[in-house]
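Chemist: any chance you could fold what I've pasted below:
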Amino acid sequence: MLRFLLAGMTVCLSCGALHSAEETQVPETADAVELTARRRVFHSDDGWVFFMDGMLAPPYRIEADDSSLWVNGREVRLNVDLINPEDYEDDEYDSDGLEDEYFEGRRGRNREGGKRRQGATRSIYHKIASRIDGELNAKSFIVLANEGMPLFLSSRDDQYLLCSVMSGLDATAEKQTQLRSLISADAAGIAWRKWLDQVTLSGPMLQKMTEYCETSTLVANENARQINAVRRLDLLSYPLTVVGMLLSVIAFGSMLQWIARGLGRPGQDEPHGPRFATTAVLLMMGMSVLDLIWTVLALQAGQMRETNPLAAGLVPNPLHLAAFKVLATGVGLGILYGWRHRQVAQQATWWMCLVCVLLTFRWVIFDSMVR
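Modeler: Next up, the predicted model:
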């Protein structure tokens, strides 16, 4: 009897478990599968997104299905009648107008025959979401005005113009007209003009725009400075090369004559020794000035860097670098000139002149290779 009771309890428990499982199991309908397949999600940490009421801070989550578009959970209400689908083509879709099925962001494939499973005709919201994701990754500005169409500002000049006008840094009538010229005059541009007139800047938004304008100004000034430096170097390259070749050839010839007149032999280099030493000091002075000019021009043009640890810290300020080189070279040449009657000083002068000749030859070769 006990055995029959236990068997009956087991059967009842099994039936209850099956009944519970049937109650908790949610049937996977075709609509649920289609919703998962048709929704696409993108993520981006770059760019700026503007709405009617201000700027949306990154990171961004862009979602789209067949009939809606969301950015960070906010629905974007667009007037799709104003949007040209050809402006939002991407490679995620098939050329026949049908898109692949997507399950949680992964492209699905039919295992039978290896062909892609195709869903319904692709939605304009899917393509807009893909375009927004690409523009944000390219650090573009995107304005999503209600009942309008997305406005993409990918040019740094256009971005600077928008920030400078809206932040008040350069809100002249000319700049405002230039900004409005970026917007089309047809029905698609009505929402943009309305956005420009109605958008309000919060404190963080105004600060971010101001910082962007200041950073852009610094970058633009640095680029302009380097472009001007390259142009100066190109302009002065040929005359500097000619002067360098003349100085180095004259100095090398004078050094050969000095050797022929008895350099290094006691008592045989007088009275020519002091004269050759004076000539060498003057030539070294000229080659040192040439080296300074070439160094400053090449550093400003970004074509070299200073490896001298003492002078490297003076590179940002050409005047300080020039003062350092003039002082160091002037002291050395002054000592050699003051002791020009001593044989040891004459030999040191000859070797230092050789170093300056080789340095000048190096500049001529370097300039020829760069050009």
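
Chemist: next secondary structure after whichever strand or helix holds Trp195?
Modeler: Element membership for Trp195 (DSSP states H and E) is helix 190-198. Next in sequence after helix 190-198, counting helices and strands by DSSP H and E, comes helix 203-260.

Chemist: average pLDDT for the next helix or strand after that following helix?
Modeler: Following helix 203-260 in sequence order, the next helix or strand is helix 272-300 (DSSP H and E). Averaged across helix 272-300, pLDDT comes to 90.

Chemist: ok, now stretch 205-218?
Modeler: Mean predicted lDDT for stretch 205-218 stands at 83.

Chemist: off-centre distance for stretch 226-243?
Modeler: 27 Å (C-alpha atoms, centre = their mean, to the nearest Å).

Chemist: try stretch 334-343
Modeler: Worked out by C-alpha atoms, centre = their mean, stretch 334-343 lies 53 Å from the chain centre.

Chemist: repeat that for stretch 304-319.
Modeler: 25 Å.

Chemist: who touches it?
Modeler: Thr295, Val296, Ala298, Leu299, Gln300, His320, Leu321, Phe324, Lys325 (C-beta atoms under 8 Å, 6 or more residues apart in numbering). For every residue, glycine as well, the C-beta is placed using N, CA and C.

Chemist: my read is that the fifth one contacts Arg231, right?
Modeler: What that stands for is Gln300. No - using C-beta atoms under 8 Å, Gln300 is not in contact with Arg231; the gap is 10.7 Å.

Chemist: so between those two, which is more surrounded?
Modeler: Ranked by neighbour count (other C-beta atoms under 10 Å), Gln300 and Arg231 place Gln300 first, with 17 against 11.

Chemist: how near is the more buried one to Ser288?
Modeler: 19 Å (C-beta to C-beta, to the nearest Å).

Chemist: what do you get for Asp367?
Modeler: 17 Å.

Chemist: now do the buried residues in the helix or strand hosting Gln346.
Modeler: In this structure, Gln346 is located in helix 343-370 according to DSSP H and E. Counting neighbours by 16 or more other C-beta atoms under 10 Å, one finds that the buried residues in helix 343-370 are 343, 345-346, 348-350, 352-353, 356-357, 359-360, 363-364, 367.

Chemist: ok, stretch 56-71 next?
Modeler: Within stretch 56-71, the residues that count as buried by 16+ other C-beta under 10 Å are Leu56, Tyr60, Ile62, Glu63, Ala64, Asp65, Asp66, Leu69, Trp70, Val71.

Chemist: can you give the contact residues for it?
Modeler: Counting by C-beta under 8 Å, 6+ apart, 35, 38-50, 72-76, 78, 120, 123, 125-126, 128-129, 132-133, 136, 144, 204 sit against stretch 56-71.

Chemist: and stretch 287-297, how far out from the chain's middle?
Modeler: 31 Å.

Chemist: could you chop the chain up by domain?
Modeler: 32-201, 226-370 (automatic domain parsing).

Chemist: and the first one, average pLDDT?
Modeler: Put plainly, it is domain 32-201. On average, domain 32-201 scores 70.

Chemist: i'd like the first residue to be 57 from this point on
Modeler: In the new count, where the first residue is 57, that last one comes out as domain 88-257.

Chemist: now do the helix holding Trp251: which elements does it pack against?
Modeler: helix 229-236 (3 or more C-beta pairs under 8 Å, 6 or more residues apart in numbering; DSSP states H and E).

Chemist: tell me which residues of the helix it packs on are tucked away?
Modeler: For helix 229-236, the neighbour count (16+ other C-beta under 10 Å) marks Leu235 as buried.

Chemist: re the thing from before, would you reformat the domains of the chain as JSON lines and include distance to Glu270?
Modeler: Shown next, in JSON lines, are the domains of the chain (distance: least, C-beta to C-beta, whole Å):
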{"stretch": "domain 88-257", "distance to Glu270": "8"}
{"stretch": "domain 282-426", "distance to Glu270": "19"}
